[in-house]
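Asker: return atomic coordinates for the entry below.
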Amino acid sequence: MSPSTSNSKPLLPWRTRVSLSFLSAVTDAVRRPDGTLNRRVMNFLDRKTSPNPKPIKGVKTSDVTVDPNRNLWFRLFTPTTTNSSSLPVIVFFHGGGFTYLSAASFAYDAVCRNFARKFSAIVISVNYRLIPEHRYPAQYDDGFDVLQFIDQNGDALPDIADLSKCFLAGDSAGANLAHNVAVRVCRSRLQNVRVIGQISIQPFFGGEERTESEIRLLDAPLVSVERTDWIWKVFLPEGSNRDHEVVNVSGPNAVDISGMDYPATILFVGGFDPLQDWQKRYYEWLKRSGKEVELMEYPNSVHAFYIFPELPEASHLMSQVKDFINRRLSKV
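Answerer: Here you go, the predicted model:
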């Protein structure tokens, strides 16, 4: 049965199905109709991992404070088995609908540890502020301020970190963040940080329109229309709608990036992700804007598939990201 058939469902291992059902149920349970969140319950259920200066699977970690007044910090992942004197830097923004999880969450600690080891890179995982407690633009301010911090405080990173070979990366809301931070970087004058690539994994975009994939996959796990509507409502400034420039990034209010030095991008899209139509529009918009972009489609994959190591597609994605990084590095 084709993924485009309305009654079709992805074939997933039982472990993945249970995890997705649990995560969807938790996010539904902690959201309140008045736009608030039961943060205490969410924090209780969000399994955290502490930084560890002792290498685990060839990677050591530490936490670096950027601004204690707003609890802005990042987790630093440093591979310990490399012989290289210079490693690229990946600035990573975690997913979770701007609402859930952190740089210390078990799943994202594991993701970034994998990135550092498999890509032989320094990884910076940004712990940005969350909604509904902190509306837009807090998340983008935090993301860009981390870039400014490392630009001005290179000694906070290992000596082998090469800021002239920097990548922005993220999944879901984190990929939205990466895009909008990339735009801010293009408008700024960072002295040492040079962004040479963007890794965009199933970015969380939207708009006032209901797209075909949103309607067809109305009750999909994690990013159903009901869930995403709640997120955008508590994310955006009062009086704004989903065609805001940071939500519908390729829509009527889109920022003109045609004259910007926007980084080459690899974009991942899943066939069972309700957000796929917005993601494909982003791809077409980047091309129309004269930017270098590669589209990687996973027809049988759900939103956030790459976080589940039991899925073969997760390993495939890692291989494609590694190839992209190596190609970008070969051009600088």
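Asker: count of neighbours near the closest residue to L72 other than its chain neighbours?
Answerer: In space, and not counting its chain neighbours, L72 is closest to V66: 4.4 Å by CB to CB, 6 or more residues apart in numbering. (C-beta placed from N, C-alpha, C; glycine too.) The criterion is other CB atoms under 10 Å. On that basis, V66 has 19 neighbouring residues.
Asker: buried stuff in the helix or strand hosting V66?
Answerer: V66 belongs to strand 59-67 when assigned by DSSP states H and E. Buried residues in strand 59-67, counted by 16 or more other CB atoms under 10 Å: 59-61, 64, 66.
Asker: what of stretch 37-49?
Answerer: The neighbour-count criterion (16+ other CB under 10 Å) identifies 37, 42, 46, 49 as the buried residues of stretch 37-49.
Asker: and for stretch 143-157?
Answerer: Of the residues in stretch 143-157, those scored as buried under the neighbour-count criterion (16+ other CB under 10 Å) are 143-151, 156-157.
Asker: which stretches in the protein count as strands?
Answerer: Shown for the chain, the strands assigned by DSSP state E span residues 59-67, 72-79, 87-93, 122-127, 161-171, 195-201, 265-270, 293-298.
Asker: so which of the ones you listed is the most packed in?
Answerer: With neighbours defined by mean count of other CB atoms under 10 Å, none of those is more surrounded on average than strand 122-127, at a mean of 27.
Asker: pLDDT and distance to L76 added to the buried residues of stretch 143-157, as JSON lines?
Answerer: Conversion of the buried residues of stretch 143-157 to JSON lines gives the following (pLDDT from 0 to 100; distance: CB to CB, whole Å):
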{"residue": "G143", "pLDDT": "98", "distance to L76": "16"}
{"residue": "F144", "pLDDT": "98", "distance to L76": "18"}
{"residue": "D145", "pLDDT": "98", "distance to L76": "16"}
{"residue": "V146", "pLDDT": "98", "distance to L76": "11"}
{"residue": "L147", "pLDDT": "98", "distance to L76": "14"}
{"residue": "Q148", "pLDDT": "98", "distance to L76": "16"}
{"residue": "F149", "pLDDT": "98", "distance to L76": "12"}
{"residue": "I150", "pLDDT": "98", "distance to L76": "10"}
{"residue": "D151", "pLDDT": "98", "distance to L76": "15"}
{"residue": "A156", "pLDDT": "97", "distance to L76": "8"}
{"residue": "L157", "pLDDT": "97", "distance to L76": "7"}
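Asker: take those residues and keep only those in helices.
Answerer: Those of the buried residues of stretch 143-157 mapping onto helices are 143-151, per DSSP state H.
Asker: okay if I get the residues you listed as a markdown table plus distance to R70?
Answerer: As requested, these are exported to a markdown table (distance: CB to CB, whole Å):
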| residue | distance to R70 |
| --- | --- |
| G143 | 12 |
| F144 | 13 |
| D145 | 9 |
| V146 | 12 |
| L147 | 16 |
| Q148 | 14 |
| F149 | 13 |
| I150 | 17 |
| D151 | 19 |
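Asker: between those, which is nearest T82?
Answerer: Ranking these by separation from T82, with CB to CB as the measure, puts I150 on top at 19.4 Å.
Asker: how many neighbours does S21 have?
Answerer: When neighbours are counted by other CB under 10 Å, S21 registers 11.
Asker: before we move on, the earlier item: JSON lines please, covering the buried residues of stretch 37-49 and showing distance to M318.
Answerer: As requested, those are arranged in JSON lines below (distance: CB to CB, whole Å):
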{"residue": "L37", "distance to M318": "32"}
{"residue": "M42", "distance to M318": "28"}
{"residue": "D46", "distance to M318": "24"}
{"residue": "T49", "distance to M318": "20"}
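Asker: now those as CSV including distance to E294 and pLDDT?
Answerer: As requested, the buried residues of stretch 37-49 are arranged in CSV below (distance: CB to CB, whole Å; pLDDT from 0 to 100):
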residue, distance to E294, pLDDT
L37, 36, 94
M42, 35, 92
D46, 33, 92
T49, 32, 96
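Asker: before we move on, back to that, for the ones in helices among the buried residues of stretch 143-157, which one is nearest P13?
Answerer: Distances from P13 to these, taken as CB to CB, are shortest for G143 (33.5 Å).
Asker: which residues does the nearest residue to W278 once chain neighbours are set aside contact?
Answerer: The spatial neighbour of W278 that comes closest, neighbours along the chain excluded (CB to CB, 6+ apart), is F205 at 4.0 Å. F205 makes contact with 176, 247-250, 275, 278-279, 281-282 under the criterion CB atoms under 8 Å, 6 or more residues apart in numbering.
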